[in-house]
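Peer 1: give me a model of this one.
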Amino acid sequence: MAGTLYLVATPIGNLEDITLRALRLLGEVDLIAAEDTRRTSILLRHHGISTRTTSLHAHNERRKTLELLAKLLKGDSVALVSDAGTPLVSDPGLELVQAAQDAGVAVVPVPGASAPIAALIASGAPTASFRFVGFPPRKLSARRSWCRSLIDAGDTTVFFEAPHRLDTTLRLLSDVIPERRIALCRELTKIHEELVVRPICVVLEGLARPRGEYTCVVWPADQPVEPPQSRPTAVELAAEMLVLADAHGSRRLALKELAQKYGMSRRELYGIVESTKQ
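Peer 2: You can find the predicted model right below:
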């Protein structure tokens, strides 16, 4: 009798974000196929799981699919995990799932953490209708066309982006939908979790050097964007800054609140406030 292929979601950062069922199955299966066995070993050690692991990644997927399918047909149970989150979501494993289904092997999803869903629900974007599109195209011309396709998008769009391509992608988006809101999510569920929600043009102005992979959420075209309030003079901004800083007990929080209120980057606002001291 054939074994079972389990698709097990693992944490995207915080090692506690895993289900009891997932932990039980990871301890019971005959083998764990991991995108990176070194990263998966951290999770397994944390939860005291000693199941044997083998690699399945983009560079060996075809060969490993045949090996794992043979084990499944022999009766072994296999758990497939990615580096983080839900398997197959912009990660390898599709060939194995398709081969298992074609061979009559049971494929069982074990749901859990997902970076796209975590970013979506934290962003404040409409959730009734959304689409996840993976990574934008790498070629500049194709990425420019992809950005233009969002002009009339009626759904919230969720995508991943690498840090070294984020600035270019945001600039291309700003060329076509500068006032559209976007959420930039990084290090979700980790100590240095970061979530920035602004119009694309404003996010671009205040973007520091990107680090780590980003999950981005773009509002749909049919959602009206409330324009920022008209900007006061530099003296008025400085005065309001003093009041907020006193109320919050923090100049940093006051700066953040004012920047969001008037649709400015914190760097720009700081420069304006400091100019009044000269």
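Peer 1: low-confidence bits of the stretch 101-250 of the chain, can you list those?
Peer 2: 223-230 (pLDDT under 70).
Peer 1: which residues of the stretch 51-200 of the chain fall in strands?
Peer 2: 53-55, 78-81, 106-110, 130-132, 156-161, 181-186, 194-199 (DSSP state E, counting those that start in this stretch).
Peer 1: let me know which of these is tucked in deepest.
Peer 2: Highest mean neighbour count of the strands of the stretch 51-200 of the chain: strand 78-81, a mean of 26 (counted as mean count of other CB atoms under 10 Å). Heads up, the C-betas are built off the backbone N, CA and C, glycines and all.
Peer 1: report pLDDT for Met264.
Peer 2: On the pLDDT scale, Met264 is placed at 72.
Peer 1: wait, it sits on Pro232?
Peer 2: No. Met264 is not in contact with Pro232 according to CB atoms under 8 Å; the separation is 11.0 Å.
Peer 1: can you name the residues that contact Met264?
Peer 2: 202, 205, 228, 231, 258 (CB atoms under 8 Å, 6 or more residues apart in numbering).
Peer 1: farthest-separated two in those?
Peer 2: Glu205 and Leu258 (14.8 Å; CB to CB).
Peer 1: more neighbours: which of these two?
Peer 2: Neighbour count, other CB atoms under 10 Å: between Glu205 and Leu258, Leu258 has more, with 21 against 16.
Peer 1: helix, strand or coil: sort out that one for me.
Peer 2: Assigned by DSSP: H, G, I helix; E, B strand; the rest coil, the conformation of Leu258 is helix.
Peer 1: help me confirm that it comes into contact with Leu244.
Peer 2: Yes. If you go by CB under 8 Å, Leu258 and Leu244 touch, sitting 6.4 Å apart.
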